[in-house]
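K.L.:
here is the input, now give the coordinates:
(4 chains)
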There are 2 protein chains.
Amino acid sequence: MDRAQIDQVRRFNRTVTERVGVLHDHYLGSDRPIGAARLLWQIGEEGQDVRRLRERLGLDSGYASRLLRSLEADGLVTVEPQPSDRRVRTVRLTAAGRAERAAIDGRSDELAGSLLEPLNTAQRARLVAAMADVERLLTAATVTLEAVDPGRPDAEHCLRAYAAELGERFQDGFDPARSLLPDPGELRPPRGEFLVARLHGEPVGCAGLKLPPGAPAEVKRMWVAPQARRLGLGRRFLAELEARAAGHGRTLLRLDTNKALDAAIRLYHSCGFQEVPAFNDEPYADHWFEKRLCSPRSPRS
Amino acid sequence: MDRAQIDQVRRFNRTVTERVGVLHDHYLGSDRPIGAARLLWQIGEEGQDVRRLRERLGLDSGYASRLLRSLEADGLVTVEPQPSDRRVRTVRLTAAGRAERAAIDGRSDELAGSLLEPLNTAQRARLVAAMADVERLLTAATVTLEAVDPGRPDAEHCLRAYAAELGERFQDGFDPARSLLPDPGELRPPRGEFLVARLHGEPVGCAGLKLPPGAPAEVKRMWVAPQARRLGLGRRFLAELEARAAGHGRTLLRLDTNKALDAAIRLYHSCGFQEVPAFNDEPYADHWFEKRLCSPRSPRS
DNA sequence: TCCATCCTCTGACTCTAGTCAGGCAATGCG
DNA sequence: CGCATTGCCTGACTAGAGTCAGAGGATGGA
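P.N.:
Numbers count the residues shown, from 1 in each chain, chains lettered A, B, ... in the order given. Below is the predicted model of the structure:
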């Protein structure tokens, strides 16, 4: 990693925490402790389970409970047991709570505005564009890839979403029964691997690797959730799968895809895959690709 | 201000504080309270006056003193009175303090590295570039402009720096006695105005406005410190002076400049100034500009 | 029915960060 | 020389943020 890059990141951190931090305290610290304000904000308009709330904000259960009671004492929220499971409690904003939340919202807007305010139009546009880039790439950097068993709930969630999306995007829908999709066992070691990508704990993508004995390795069921697109996740999946296939001694990786998936096709091209004649009878495939792998190396240089 | 822009800024704030904040705690919170760590860091290799230190970090004098004593107790710093003024005390790092500071430094590097680490080369380059943009523009937004008396120390500091720079850049040096530069009285209300730009309290630029009765308003002594260039400060000075001139009922603003100041000349062109024939006998001037002003409005739209 | 488990709440703590009022020594000005 | 000012230090506080252990009701399975 580049020294100049590290320095730039550090300067960025310093400037941003200073500037945003000071204003943050100025605007949001005014009324009520930030702990309470964050909680109030996270409850949202529709209400939340206490458990979920705690999890999202990473709070200790005792601490969360105390905060909730202080908000309750101020008449901003009501807490009542869920009908279905009376152990779980649901928080809802009262009218006063909604008003308070709107006020916090307004102050957040002011904060954002005060960052832009001293700048002229061109500078504003440039700052906002750069912020969008930073945000997108930092989000990309928080996504984690993990090899899991394809039978796990989050893996299955991704696979269902994958099938649903194919059903929507293919001209004639998608019937898993007609397809050559591997059964989960083929994507489980030692016959394959299965990766799940997570963002803040939520599964946002998956990719399978089939390692049939005596045949080239194959990419299967690669999917990225709509909210996680444009983060370079597809490219990252491919790089990771290539590394793993190479780690298993494979020298060729291949895949098939449907003509409706144009973004995927562009991705394969730009990742160095070459289009080749059909190597299977997959009825939903229109294009077949392969890529020759180098000898095993670390997953990312 | 644009709703979409505000939203983008808020998303940015959320993502950055989350991502950087978590890692910050992870890497820097390990060893000693952040207050102490920040102080240790700010002391720097050469040592500092306690007063300066406090000012930079915005600490209460009592609090700073306490932190210093705790560092002293750990053998990381020594505090001793300055010889010249024994009320002022100077902090210096001991060998152990230097080591600790280096450790903090290393962890800051790790933090920066961990932000980049999951990204590929192209993404890294893009992130770093966007961060540089954000940093530059946020810095630009922290610069404040203030109308001050040109006799004040920070104003005089700028004027000295201005003259020194002209001396360096003009082919034959710069002798203030030969120039038509106004005396400070001409840049003081009601005969004129004088602006100083400040970044974190330090003066980083100045610009004067001459309002001679019966003659067009004139820009004088505009200067931006090297460390504050590329922040759009010149453009901002001009906009502010135009607004003030218009506020005084003036409809024409003019200025002269030397051919060595090419960046300034580009600026005048791009801000809507037209080159005109010489309107004075300034021996150091090679170009003369003027701009017609609209009716008074708020300084910035 | 009993027991383990889950979810939330309570009380008793701790640690940081920071404020405020006053005190002491060094300094500078008249 | 006397006195106000400056710079730093100390003690006494406060508030926020969070931890930990345990209590107690609700639930589900054996």
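K.L.:
all contacts plus neighbour counts: C-alpha atoms, from now on.
P.N.:
Noted.
K.L.:
now for the longest helix along chain A, which elements pack on it?
P.N.:
Looking only at chain A and at elements set by DSSP state H, the helix with the highest residue count is helix A:3-28. Secondary structure elements in contact with helix A:3-28, counted by 3 or more CA pairs under 8 Å, 6 or more residues apart in numbering or on different chains; DSSP states H and E, are helix A:95-116, helix B:3-28, helix B:95-116, helix B:121-142.
K.L.:
can you tell me which of the ones you listed the model trusts least?
P.N.:
In terms of average pLDDT, helix B:3-28 trails the rest of these, at a mean of 85.
K.L.:
if you look at that helix, does any of it touch DNA strand C?
P.N.:
No: using CA under 7 Å from any atom of the strand, helix B:3-28 never reaches DNA strand C; the gap is at least 10.1 Å.
K.L.:
that older thread, tilt between the longest helix of chain A and helix B:95-116?
P.N.:
Comparing the axes of helix A:3-28 and helix B:95-116 via axes from the mean of the first three to the mean of the last three CA atoms, to 10 degrees yields an angle of 90 degrees.
K.L.:
hey, where'd the helices end up in chain A?
P.N.:
Along chain A, counting by DSSP H, helices occupy A:3-28, A:34-43, A:50-57, A:61-73, A:95-116, A:121-142, A:153-169, A:233-247, A:262-270.
K.L.:
follow-up on the earlier one: so which of the helices and strands packed on helix A:3-28 comes closest to DNA strand D?
P.N.:
Between DNA strand D and these, the shortest separation by CA to the nearest atom of the strand is 10.5 Å, and it involves helix B:3-28.
K.L.:
list the buried ones in that closest one?
P.N.:
Of the residues in helix B:3-28, those with enough neighbours to count as buried (16 or more other CA atoms under 10 Å in any protein chain shown) are B:5-13, B:15-17, B:19-20, B:23-24, B:27-28.
K.L.:
tell me the domain boundaries of chain A?
P.N.:
A:3-118, A:144-292 (automatic domain parsing).
K.L.:
next, the distance between the ends of the shortest one.
P.N.:
Across its full length, domain A:3-118 reaches 32 Å between end residues, using CA to CA, to the nearest Å.
K.L.:
near DNA strand D at all, that domain?
P.N.:
Yes: Domain A:3-118 is in contact with DNA strand D by CA under 7 Å from any atom of the strand, via A:32-36, A:59-60, A:62-63, A:83-87.
K.L.:
between these, which sits nearest residue A:161?
P.N.:
Ranking the residues of domain A:3-118 next to DNA strand D by separation from residue A:161, with CA to CA as the measure, puts residue A:84 on top at 27.5 Å.
K.L.:
still on that earlier bit, to residue A:217, which of the helices of chain A lies closest?
P.N.:
Distances from residue A:217 to each of the helices of chain A were compared using CA to CA; the shortest belongs to helix A:233-247, at 6.6 Å.
K.L.:
could I get the CA-only coordinates of that closest one as CSV?
P.N.:
Extracted C-alpha coordinates of helix A:233-247, given in CSV (Å, rounded to 0.1, in the frame of the first residue of the first chain):
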residue,chain,number,x,y,z
LEU,A,233,-18.8,-6.7,-5.5
GLY,A,234,-19.1,-8.8,-8.6
ARG,A,235,-15.5,-8.2,-9.5
ARG,A,236,-14.5,-9.1,-5.9
PHE,A,237,-16.5,-12.3,-6.0
LEU,A,238,-14.8,-13.4,-9.2
ALA,A,239,-11.4,-12.5,-7.9
GLU,A,240,-12.1,-14.5,-4.7
LEU,A,241,-13.5,-17.5,-6.6
GLU,A,242,-10.6,-17.5,-9.0
ALA,A,243,-8.1,-17.5,-6.1
ARG,A,244,-10.0,-20.3,-4.5
ALA,A,245,-10.2,-22.4,-7.7
ALA,A,246,-6.5,-21.8,-8.2
GLY,A,247,-5.9,-22.8,-4.6
